[in-house]
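Colleague: Show me the folded form of this:
(one chain, ligands or ions: 1)
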Amino acid sequence: LSEVPPDDRITRSWLENAGAWTRAVRGRAMESRRVATDQAILDAVLACGGERVLDVGCGEGWLSRRLDQAGRDVVGFDGSPALIEEARGGGGGVRFIALDYDAFASDPGAVGVDYDVAVCNFSLLGEHVGGLLAGLRCVTRPGGHLLVQTVHPFFLAGTARYEDGWQEENYESLPGEWSPMPWYFRTFGSWVRELGLAGWRLDACREPLHPATGQPVSLILVAL
Ligand SMILES: C[S@@+](CC[C@H](N)C(=O)[O-])C[C@H]1O[C@@H](n2cnc3c(N)ncnc32)[C@H](O)[C@@H]1O
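Modeller: Numbers count the residues shown, from 1 in each chain. Below you'll find the predicted structure:
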C-alpha cells in the first residue's frame with residue numbers, strides 16, 4: 001500500500017470512508033467540529049458577504065446546506081462520487097458536482113464563475129494545491145474571498161520538527177471502520193507562500209479556540 005502515491009491513497013480513502021464519514025459528520029461525532037470549527041467557518045463565510053459560494057471538497061455537503069439555509073446560492077464539488085451521492089440525498093437547493101481537483105484545475109469554469117466566496121473546509125489534504133488555488137482565483141470575482149480552514153500550525157508543537165510533511169490520519173477517536181488517510185501538514189509560512197503563488201493575498205486569520213482548554217483547534221486563512 002505504501003507504494004501507492006499519497007494523493008491516490010487520499011482519493012481512495014474518500015471512496016472507502018464515505019459511509020463512515022457521513023455518519024460521523026451527521027452524528028456530530030467530532031468534538032472539534034461540535035465545539036468550534038463548524039460555527040467558525042460558517043461565521044467566516046457569512047462575514048464575507050456576497051451571494052454566490054463555492055464549497056470546495058464539500059464532502060457530504062453539511063456546509064453547503066447550512067449556507068443554502070442562510071440564503072446563499074451554493075455550488076459544492078468533491079472528488080468522491082460516493083460523498084456527492086450522499087450530498088445530493090441531503091436535501092436543499094444546492095448543486096453538487098463530482099469533480100476532482102486536477103480536473104477542476106484544467107477546466108475551472110466547469111463549476112461556474114463569478115463566485116463571491118470559495119471555501120475549503122478541511123479539504124486541502126495533498127501536497128500540491130497550486131493548481132486548485134489558481135483555479136479558484138479564476139472562478140471568483142475581483143474582490144472575492146478564499147477561505148481555507150485547516151489544521152493549526154500548533155499541531156506539531158513539541159512532537160516533531162515544524163516543517164511541511166506527510167502525516168497519517170487513523171480516525172482512532174471515531175466509531176466505525178476506516179481506511180487510514182495520508183495528509184500533508186503545512187507550516188503557516190508554507191500556506192502563505194502557496195496562496196501568493198496562486199495569486200491570492202492573505203488578508204486575515206482566524207484561530208478558533210477550544211472553549212474548555214483555550215487552545216486553537218484550527219486555522220482559518222482569509223485571502224483576497
Ligand atoms: C475532511 S473532508 C471535508 C469535507 C467537507 N468540506 C466538510 O467540512 O465536512 C475532505 C474532503 O476533501 C475531498 N478531497 C480531498 N482531495 C480531493 C481531490 N484531490 N479532489 C476532490 N476532492 C478532494 C474529499 O473527497 C473529502 O470529501
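
Colleague: what's the average pLDDT for the strand ranked longest in the chain?
Modeller: Longest strand in the chain, counting residues (DSSP state E): strand 140-150. Regarding strand 140-150, the rounded mean pLDDT is 98.

Colleague: Output the contacting helices and strands for it.
Modeller: Other helices and strands packing on strand 140-150, by 3 or more CB pairs under 8 Å, 6 or more residues apart in numbering; DSSP states H and E, are helix 38-47, strand 115-121, helix 130-139, helix 188-197, strand 219-223. Placement of C-beta: from N, CA and C, glycine included.

Colleague: relative orientation of it and strand 115-121 in degrees?
Modeller: For strand 140-150 against strand 115-121, the angle by axes from the mean of the first three to the mean of the last three CA atoms, to 10 degrees is 20 degrees.

Colleague: Show me what counts as buried in strand 140-150.
Modeller: 140, 144-150 (16 or more other CB atoms under 10 Å).

Colleague: out of those residues, who's nearest N121?
Modeller: Q149 (4.9 Å; CB to CB).

Colleague: measure that closest one to the ligand for me?
Modeller: Q149 sits 8 Å away from the ligand, going by CB to the nearest ligand atom, to the nearest Å.

Colleague: who are the neighbours in contact with that residue?
Modeller: Q149 is in contact with 37, 40-41, 44, 119-122, 218-220, counting by CB atoms under 8 Å, 6 or more residues apart in numbering.

Colleague: likewise E177?
Modeller: A20.

Colleague: Need phi/psi at it.
Modeller: Per-residue torsions, E177: phi -90, psi 130 (degrees, to the nearest 10).

Colleague: how near is it to the ligand?
Modeller: Using CB to the nearest ligand atom, we find E177 at a distance of 17 Å from the ligand.

Colleague: go on, G199?
Modeller: 20 Å.

Colleague: ok but that residue is inside a helix, no?
Modeller: No: read with DSSP: H, G, I helix; E, B strand; the rest coil, G199 is coil and lies in no helix.

Colleague: Name the nearest residue to Y101, sequence neighbours excluded.
Modeller: L132 (4.4 Å; CB to CB, 6 or more residues apart in numbering).

Colleague: hmm, back to that, which of the buried residues of strand 140-150 sit farthest apart?
Modeller: Between all members of the buried residues of strand 140-150, the farthest pair (by CB to CB) comes out as G144 and T150, at 19.5 Å.
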